[in-house]
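S.K.: how does the following fold in three dimensions:
(2 chains)
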Number of protein chains: 2
Amino acid sequence: MARREWSLGELTSGVRACDARALARAISLVENGDPLAYPLVRELYPETGAAAVIGVTGPPGVGKSSLIGALVGLLRGESRAVGVVSVDPSSPFSRGALLGDRIRLAEHFLDEGVFIRSMGTRGHLGGLAEATLQTVLLLDAAGKEVVFVETVGAGQNEVEVTGIADTVLLVLMPGSGDSVQALKAGIMEIPDVIAINKADHPSAKTMLGEVRAIIGLAEPERRPTIVLTDALRGEGVPELWQALSEHRARLESEGRLEERRRENLAREVFAVASSRAKARLEAAVADDPELRRLLDAVQRRELDPLSAVREIMEKVFGMRDDALAR
Amino acid sequence: MARREWSLGELTSGVRACDARALARAISLVENGDPLAYPLVRELYPETGAAAVIGVTGPPGVGKSSLIGALVGLLRGESRAVGVVSVDPSSPFSRGALLGDRIRLAEHFLDEGVFIRSMGTRGHLGGLAEATLQTVLLLDAAGKEVVFVETVGAGQNEVEVTGIADTVLLVLMPGSGDSVQALKAGIMEIPDVIAINKADHPSAKTMLGEVRAIIGLAEPERRPTIVLTDALRGEGVPELWQALSEHRARLESEGRLEERRRENLAREVFAVASSRAKARLEAAVADDPELRRLLDAVQRRELDPLSAVREIMEKVFGMRDDALAR
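M.R.: Below you'll find the predicted structure:
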């Protein structure tokens, strides 16, 4: 079957009308770095900003997808339009999952009011941050009222990706001890809301106590709400949604939503620019035998790594010594 | 007390002679981005390459520092010169630790044959990757036969930092379930050696089985050796050292050490160049009202983020549309 070609005008009006095929195509263009993607998002951007963007993070296997599925079910019961973007390669949204999970999530895959998309984690010219940002903007322009962005674990990628979110939800479960340690050590940023999933696990209460002790050290206005949930049985899901809504309402009433979005957008612009600079560097070295010879010289211990960096920066970006010499 | 001023010549010969004060000063220069740091490492670089560099990674609290302490004790028993660089902000090498840990590690702090340094994780112009790389090169030039680089958890920083290492050791302990899940989900790279620490924990054997099942999926020649250890009681430490030595010996005998180092150095050069490009971007936006106005326009939804990226890239790096338009 020949793939249908979309014009820019058809894509723009299709996304505006929240047409599922137009959205799917638009996101593919974003993922593939197609030349059409850029003017498309540029045209739709002034219409964005209404969606509540919720970043959902946490280690693999704690039930982030199931919890998102349960929240989607709740929102669909209120007929609200929802989008889900998963950048977690271990997510059931992204790949093979437990049968039970697939069935539960499948009901949403068939629901016209929900758009679910998992992003590949490799091969984006401007990095994952760029593809995810553009995808969230498309869902926002399509009129999705709530957009969930699912990401995995700690690390720099995660920071960039949850940097899009108005509200960050960290999902933990009894046994996800590394994340609790990382919170405790100050390595992981304090989220806005914490869900402790699989609430009837014998050590759920112990974990609740540990997490409470850690967040007690944060400034009072930055202390996240903690909710005990059981995604598979739907327990705690209305309470979790309430905590997420309250966080956003508080940001709005205190006038901090715009400030946060401003910081987020600035960070995203930097993240995308940095990824592009890196892609440019890699392409330059791949194409340029002279730059490859520099790396050979480093390997033979004839040229030190920083001198190689200097020469590469000058050649690729025209950055001269005065900017590098410090 | 006035701080002693070091000349480049004094620093170079001091590092060569493995003088502890010269080394400490040289590393501070590297950390502070002092202009002297660059010619210093450049001059010493041809003399590097003899040290075995071992990256030690794993979640906070699993006992990485204690295990490094135990390995240092073993190596000092053989009178081998050792360096330790910690880039884990939660490490006892870096900050307040359990009393027991401090006492155990203190014996090494007082040993002339061991040089221990923890790196701040913020404020490096070329990023943590640059400061860590330069520090490892200084320790190598000072004649350290083994250099341990301690880093925390998964994530991009960790990848860059363990990218320096000839051998990567992942430390887990029963309860560090997130990391096991991350290995399983393919999010965390398979290391060269795995230590399961606190070997007498009731669930140590269960974890051993889980980890074995996961690494059984890797190609046979890439399967890491797993060692059960108890750092506090010294159990399994000689076996761990043997596994680490054997990994490096295998790389050498198969001629893969040079190949790995070549890849590592190329990756480090990219990482440092990318960090510098990012720092340049941030400095440019901070100094340039016109670029800040771009971010304001993005915030007001008048200019889309990618158009802002385009303008910033052109202004800062002279990268024109033809390179960005894709």
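S.K.: longest helix of chain A, counting residues only.
M.R.: helix A:256-287 (DSSP state H).
S.K.: and the helices in the stretch 151-300 of chain A?
M.R.: Taking DSSP state H, counting those that start in this stretch to define them, one finds helices in the stretch 151-300 of chain A at A:156-162, A:177-184, A:204-215, A:237-253, A:256-287, A:289-299.
S.K.: against B:R300, how distant is A:P46?
M.R.: 9 Å (C-beta to C-beta, to the nearest Å). C-betas here are computed from N, CA, C, even on glycine.
S.K.: return the residues of the stretch 151-300 of chain A in contact with chain B.
M.R.: The stretch 151-300 of chain A comes close to chain B at residues A:152-158, A:175-179, A:181-182, A:184-187, A:258, A:261-262, A:265-266, A:268-270, A:272-274, A:276-278, A:280-282, A:285, A:295, A:298-299, as judged by C-beta under 8 Å from any C-beta of the partner chain.
S.K.: need the buried ones from those residues selected in ChimeraX.
M.R.: Selection command for ChimeraX covering only the buried members of those, criterion 16 or more other C-beta atoms under 10 Å in any protein chain shown:
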select /A:152,153,154,155,157,158,175,176,177,178,179,181,182,184,185,187,261,265,266,268,269,270,272,273,274,276,277,278,280,281,285,295,298,299
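S.K.: shouldn't A:A218 be in contact with A:I190?
M.R.: Yes: using C-beta atoms under 8 Å, A:A218 is in contact with A:I190, at 5.2 Å.
S.K.: of those two, which one has the most company?
M.R.: Neighbour comparison, A:A218 and A:I190: the larger count goes to A:I190, with 17 against 12 (by other C-beta atoms under 10 Å in any protein chain shown).
S.K.: which strand or helix spans A:S28?
M.R.: helix A:20-32 (DSSP states H and E).
S.K.: report all helices and strands that that helix contacts.
M.R.: Counting contacts by 3 or more C-beta pairs under 8 Å, 6 or more residues apart in numbering or on different chains; DSSP states H and E, helix A:20-32 packs against helix A:8-16, helix A:37-44, strand A:114-118, helix A:127-141.
S.K.: dump the ones you listed into a markdown table; add mean neighbour count as well.
M.R.: Below are the helices and strands packed on helix A:20-32 laid out as a markdown table (neighbours: other C-beta atoms under 10 Å in any protein chain shown):
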| stretch | mean neighbour count |
| --- | --- |
| helix A:8-16 | 17 |
| helix A:37-44 | 20 |
| strand A:114-118 | 21 |
| helix A:127-141 | 26 |
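S.K.: so where's the stretch 201-326 of chain A shaky on pLDDT?
M.R.: Within the stretch 201-326 of chain A, the segments meeting pLDDT under 70 span A:320-326.
S.K.: make it 50
M.R.: For the stretch 201-326 of chain A, residues meeting the criterion pLDDT under 50 lie at A:322-326.
S.K.: got it, and the stretch 51-200 of chain A?
M.R.: For the stretch 51-200 of chain A (pLDDT under 50), the answer is A:96-100, A:102, A:155-156.
S.K.: what about the strands in it?
M.R.: Listed in chain order, the strands found in the stretch 51-200 of chain A under DSSP state E, counting those that start in this stretch are A:52-57, A:82-86, A:114-118, A:146-150, A:167-172, A:193-196.
S.K.: looking at those strands, which is closest to B:P238?
M.R.: strand A:167-172 (36.9 Å; C-beta to C-beta).
S.K.: so what strands line up beside that closest one?
M.R.: strand A:52-57 (parallel), strand A:193-196 (parallel) (DSSP bridges).
S.K.: contact partners of the first one?
M.R.: Contacts with strand A:52-57, where a contact means C-beta atoms under 8 Å, 6 or more residues apart in numbering or on different chains, come from A:64, A:67-68, A:136, A:140, A:145-153, A:158, A:161-162, A:164-171, A:191, A:244, A:248.
S.K.: that one to strand A:146-150, inter-axis angle?
M.R.: Strand A:52-57 and strand A:146-150 are oriented at 20 degrees to each other (axes from the mean of the first three to the mean of the last three C-alpha atoms, to 10 degrees).
S.K.: gap between strand A:52-57 and the chain center?
M.R.: Distance of strand A:52-57 from the chain centroid (C-alpha atoms, centre = their mean, to the nearest Å) equals 8 Å.
S.K.: stretch A:192-205 now?
M.R.: 23 Å.
S.K.: flag every buried residue along that stretch.
M.R.: A:192-199, A:204.
S.K.: distance to B:V84 added to these, as JSON lines?
M.R.: Converted to JSON lines, the buried residues of stretch A:192-205 look like this (distance: C-beta to C-beta, whole Å):
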{"residue": "A:D192", "distance to B:V84": "37"}
{"residue": "A:V193", "distance to B:V84": "39"}
{"residue": "A:I194", "distance to B:V84": "34"}
{"residue": "A:A195", "distance to B:V84": "38"}
{"residue": "A:I196", "distance to B:V84": "36"}
{"residue": "A:N197", "distance to B:V84": "38"}
{"residue": "A:K198", "distance to B:V84": "39"}
{"residue": "A:A199", "distance to B:V84": "42"}
{"residue": "A:A204", "distance to B:V84": "38"}
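S.K.: go through the residues you listed and say which is closest to chain B.
M.R.: Nearest to chain B out of those is A:K198 (C-beta to the nearest C-beta; 12.3 Å).
S.K.: show me what contacts the nearest residue to that closest one once chain neighbours are set aside?
M.R.: Distances taken as C-beta to C-beta, 6 or more residues apart in numbering or on different chains put A:M173 closest to A:K198, at 4.7 Å, once the chain neighbours are dropped. Counting by C-beta under 8 Å, 6+ apart, A:M173 makes contact with A:61-63, A:196-198, A:201, A:204, A:207.
S.K.: same deal with A:V316?
M.R.: Taking C-beta under 8 Å, 6+ apart, one finds A:280-281, A:284, A:291 in contact with A:V316.
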